[in-house]
Structure formats: structure tokens, C-alpha cells
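1. below are the sequence and a predicted model for it; my questions follow.
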Amino acid sequence: MDVPYYEWDGRPGRESKELTPLHEALHAAVVQILGGTTYEITIDDSGGGETTLDELEPRWQDLAVTLAPALIGDISRSDAKYLRRQNSRRRGYAWGWLKRNRRRIMRRANAIAGEMGRPPGKLKWDPERTRWIWKHRKRKKR
């Protein structure tokens, strides 16, 4: 492998708009499996996304959340930049945990991504009804 699993290498197509829902769902799935809470997933007009979630302790769990999209080869620039600054031992432990739990993570992430409608929009967790709610936003006219 010419590039470490946690680095974005700048090749075209690596940050794909089609993969954004799954990318953000992977972050959310790992948080949920590790016992945290995901509050919302937002996907904007440009195809970028953001997940609002709990920070986890111990530190390797937080790294596992950031590293989760590496399972599908879709690390974003911001995730790669953050991961490069982290302790390599913790990063390696997080990667090992992700690989051991890949099937479980992918099942949960695919279920979350399946709840999303067509982007752009916002997927919010409703703790009272214990389910996801998708709010579609109309694209701005240019």
C-alpha cells in the first residue's frame, strides 16, 4: 500500500458525493456501537457532510470514529489531517478494533444511510421515538 490507510492521497474521486451519506453514517455507527450518541447528520448542497456526535473516552474510541470511513477508502482531508497528528499506537489500536468489528459497523452504517433521503438534508435522532427523522432541504437556485 503506497499510502497509509488514514491518509487522503489527493487522487480525484476519493471524496465522492455519492459516498457522503455512507461516510457520515460510518462516523455515526461507530459512535453508537461504542455507546455514544449521534445527534444529527447534515449533508449540504455541495455534497459535503457533517455529523454531530458525542466525544468518546478513552481516546482510541474517538480516533475510531474519525477513522471509520477508511473501511470504505473514503477518508476526507479534514479527517486525514486530524489523524496524522494523533498518537500512532492509539490510531493502530482503533484501526484494529474497526477491522475486527467491520461487519457490525457496516450493517449499522448501511441502516443509517438507508434512512437518508436524497441529499441535501438533515437526519436527526429522535430519542423519544428512538428513530431517525430525515428533513429534506431544497437546493438553492443559482
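-> Yep, that arrived. Numbers count the residues shown, from 1 in each chain.
2. in this structure, which spans are helices?
-> 20-33, 59-67, 77-84, 88-100, 102-115 (DSSP state H).
3. residues near the residue nearest to residue 116 when sequence neighbours are not counted, how many?
-> Leaving aside its chain neighbours, residue 116 sits nearest to residue 21 (4.9 Å; criterion: Cβ to Cβ, 6 or more residues apart in numbering). Backbone N, C-alpha and C define where each C-beta goes, glycine included. Other residues within reach of residue 21, judged by other Cβ atoms under 10 Å, total 24.
4. about what we covered before: relative to residue 127, which of the helices of the chain is closest?
-> The closest of the helices of the chain to residue 127 is helix 20-33. By Cβ to Cβ, the value is 12.3 Å.
5. what does the pLDDT read for the most centrally placed residue in the chain?
-> Residue closest to the average C-alpha location in the chain (Cα atoms, centre = their mean): residue 27, at 2.8 Å. The per-residue pLDDT reported for residue 27 equals 93.
6. residue 84 against residue 63, yeah?
-> No: counting by Cβ atoms under 8 Å, residue 84 stays clear of residue 63, with 11.6 Å between them.
7. which one's more surrounded, the two?
-> Neighbour tally, residue 84 and residue 63, criterion other Cβ under 10 Å: the higher count belongs to residue 63, 24 against 13.
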